[in-house]
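> I'll drop the sequence and a predicted model, then ask my questions.
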Amino acid sequence: MTWKRVGAVAPDTLVEARLQLHHASQVVAAAGLSFLEPRPDDSHPSFGWVDGLGALVGHAIPRAAVRAGLRCADLTLLLVEPSGGVRSELGLHGRTPDDGYAWLAAQTADAGARLPPDGLIRSSYEIPDHPAARGGRFSTAGLGSSLDELARWFANAHHALAKRAALANAHHALAKRAALANAHHALAKRAAL
């Protein structure tokens, strides 16, 4: 992946797109909350960037092996196959968060996931207010360039973090080899005495 140029859209014009993405992403988080075992670090409802899809995608759902995701550029919910292909999708423009939750429940059940008895578990975290939180409809009208810009920000963040992780892993591997070499030399020195 190459670095994507950002800054074509003024940061103060990204607010509405960011709020809608934040509220739409709660549907994706519900998959982790509903189908995964809680983790001490609370990472089970988290998601990461999948560059090929231009989407934030959660963890694999047990029994179904699919993952829920949100394509940022057009505010579309995704159900992603293990191969990385899109099994199904739902554009959120003109729909409410409840429509998204209903779609996710139906799609994950169809894929073989066992829903909790009371349905999908929704996040209890407080997030910035938006009409979508009160049943309002998502609207991508006039947000195309802002959603595209946010997608570029997520892609760049992913790229930067992946590069940093690769460097850290390489450093760790070198440090481990150096420690083993030092231990070997210490043993060889001791054996020579």
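Now that the structure is in, tell me what you want to look at. Numbering: from 1, shown residues only.
> name the helix or strand of this protein that has the lowest mean pLDDT.
helix 144-192 (a mean of 69; mean pLDDT, DSSP states H and E).
> show me the shaky parts of the protein.
1, 164-193 (pLDDT under 70).
> can you give me the strands in it?
For the chain, applying DSSP state E gives strands covering 47-50, 55-58, 67-71, 76-80, 86-91.
> among these, which is the most enclosed?
Comparing the strands of the chain by mean neighbour count (mean count of other C-beta atoms under 10 Å), strand 67-71 ranks first with a mean of 26. C-beta here means a position set from N, CA and C on the backbone, and glycine is covered the same way.
> middle-most residue in the chain, spatially?
Geometric centre of the chain, nearest residue: Phe47, 2.4 Å, by C-alpha atoms, centre = their mean.
> for that residue, what are its contacts?
Going by C-beta atoms under 8 Å, 6 or more residues apart in numbering, Phe47 touches 25, 28-29, 32, 56-59, 68-70.
> export the residues you listed to TSV and tack on distance to Ser88?
As requested, those are arranged in TSV below (distance: C-beta to C-beta, whole Å):
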residue	distance to Ser88
Ser25	18
Val28	14
Ala29	19
Gly32	18
Leu56	17
Val57	14
Gly58	15
His59	18
Ala68	11
Gly69	11
Leu70	13
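> so which of these would you say is closest to Ala111?
Each of the contacts of Phe47 was scored against Ala111 by C-beta to C-beta, and Ala68 proved nearest at 10.2 Å.
> for Ala29, see how far away Asp51 is.
For Asp51, the distance to Ala29 equals 20 Å [C-beta to C-beta, to the nearest Å].
> and the contacts of Phe47, which is closest to Pro38?
Among the contacts of Phe47, Gly32 lies closest to Pro38 (C-beta to C-beta), at 9.4 Å.
> give me the neighbour count for that closest one.
Using other C-beta atoms under 10 Å, Gly32 has 24 other residues around it.
> please name the bridge partners of Ala68.
For Ala68, the beta-bridge partners are Leu79 (DSSP bridges).
> might one say that it is in contact with Ile61?
Yes. Using C-beta atoms under 8 Å, Ala68 is in contact with Ile61, at 7.4 Å.
> residue contacts, the closest residue to Ala155 other than its chain neighbours?
Once flanking residues are discounted, Ala155 sits nearest to Lys4: 5.4 Å by C-beta to C-beta, 6 or more residues apart in numbering. Contact analysis of Lys4 by C-beta under 8 Å, 6+ apart lists 152, 155-156.
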